[in-house]
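A.B. asks: how would this look folded up:
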Amino acid sequence: YAKTLRGGSMADFDRSRRGPYAWDLTRFMVSLSLRQKTPHHALLPKGVLKALLKGYHRGFEHPERGWEQMRDLAGVTPEPWELTTDGYIAHGGKWLKELRESPLAKDDARVLALVAPYLDRYEVEEAGKGHGSMGFRDLVLVLLKPKAGGDRVLLNIKAVRSDPDTKWYRNPAPNDGERMLQAAELYAPGWEDGSSRAELDGVEYYVRRIPPHNVKLKKLLDRDQLEDLAYAV
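C.D. replies: Got it, this is the predicted structure:
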């Protein structure tokens, strides 16, 4: 769960597929239980379960209302440098540092192929290999500079994770990049900025713009926070 300038939402759809909804709910309840500041004798307090059920029903009955935000993150004000990618670069954000740890040439053929759809409006300013937060081995970070003025774009391009279809889970999309795009649009329409997919040498990649403002939940949560998060998700 993360907050950007577009609001707070569930994120990271790398292994998302179509399957039994009850398994999603069970996994989410276990995750909530592990984040409790004060452990409960049951898996979760009844108030948290009620909030989860209420939010779940709301999503089905009123899809036109869009998605909710967790209050704790909704109230976080971005720093001035977090309002633009240019500000993020000037501040030396963590993704820029990661990019510069293993730099790639700006004219690297592989880099240019992965960002080809952007090259009519942007040019590659910097590129590098990344390692990411989930141990992705094939991750490329690219900083693009606009040709006609405007804000820069910082791209995270990672090889998708693919799980085989089973009796319970299957990929409803023609490829794994499209699967991730569909999942993001389902859970939080419009939340991801400029996401797309690419393919190179038979490998599929998921392309997303790195938001300059990105806040995540890092601490254990009290009862009210758990209820708020359960309802929002």
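
A.B. asks: which ones are touching Arg208?
C.D. replies: Leu155, Asn156, Glu192, Asp193, Gly194, Ser195 (CB atoms under 8 Å, 6 or more residues apart in numbering). To be clear about C-beta, it is placed using only N, CA and C from the backbone, and glycine gets the same treatment.

A.B. asks: Redo these as JSON lines? Include distance to Glu79, secondary structure and pLDDT.
C.D. replies: Below are those laid out as JSON lines (distance: CB to CB, whole Å; DSSP: H, G, I helix; E, B strand; the rest coil; pLDDT from 0 to 100):
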{"residue": "Leu155", "distance to Glu79": "22", "secondary structure": "strand", "pLDDT": "97"}
{"residue": "Asn156", "distance to Glu79": "21", "secondary structure": "strand", "pLDDT": "94"}
{"residue": "Glu192", "distance to Glu79": "22", "secondary structure": "coil", "pLDDT": "85"}
{"residue": "Asp193", "distance to Glu79": "18", "secondary structure": "coil", "pLDDT": "85"}
{"residue": "Gly194", "distance to Glu79": "22", "secondary structure": "coil", "pLDDT": "83"}
{"residue": "Ser195", "distance to Glu79": "24", "secondary structure": "coil", "pLDDT": "89"}
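
A.B. asks: What ranges does this structure have for its strands?
C.D. replies: Counting by DSSP state E, the chain has strands at residues 2-4, 7-9, 103-104, 122-129, 139-146, 153-159, 196-200, 203-209, 215-216.

A.B. asks: who wins for proximity to Ala51 among these?
C.D. replies: Ala51 sits nearest to strand 7-9 of all the strands of the chain, at 15.7 Å, using CB to CB.

A.B. asks: ok, and what's touching the closest one?
C.D. replies: With CB under 8 Å, 6+ apart, strand 7-9 has contacts from 1-3, 67, 69-70, 73-74, 187-188, 191, 215, 232.

A.B. asks: Quick one: residues in contact with the longest helix seen in the chain.
C.D. replies: With residue count as the measure and DSSP state H as the assignment, the chain has helix 46-61 as its longest helix. Outside helix 46-61, the residues within contact range by CB under 8 Å, 6+ apart are 25, 28-29, 32, 65, 67-68, 223, 226-228, 230-233.

A.B. asks: Can you get me the start-to-end distance on stretch 203-217?
C.D. replies: Using CA to CA, to the nearest Å, one end of stretch 203-217 lies 32 Å from the other.

A.B. asks: Can you pull out the low-pLDDT segments for the protein?
C.D. replies: Low-confidence segments of the chain, defined by pLDDT under 70: 132-137.

A.B. asks: Taking the chain centroid, which residue in it is the extreme one?
C.D. replies: No residue in the chain sits farther from the centre than His41, which is 32.7 Å out by CA atoms, centre = their mean.

A.B. asks: contacting residues for it?
C.D. replies: Contacts of His41 (CB under 8 Å, 6+ apart): none.

A.B. asks: Going forward, the N-terminal residue is numbered 15.
C.D. replies: Understood, numbering begins at 15; the last thing we discussed is His55.
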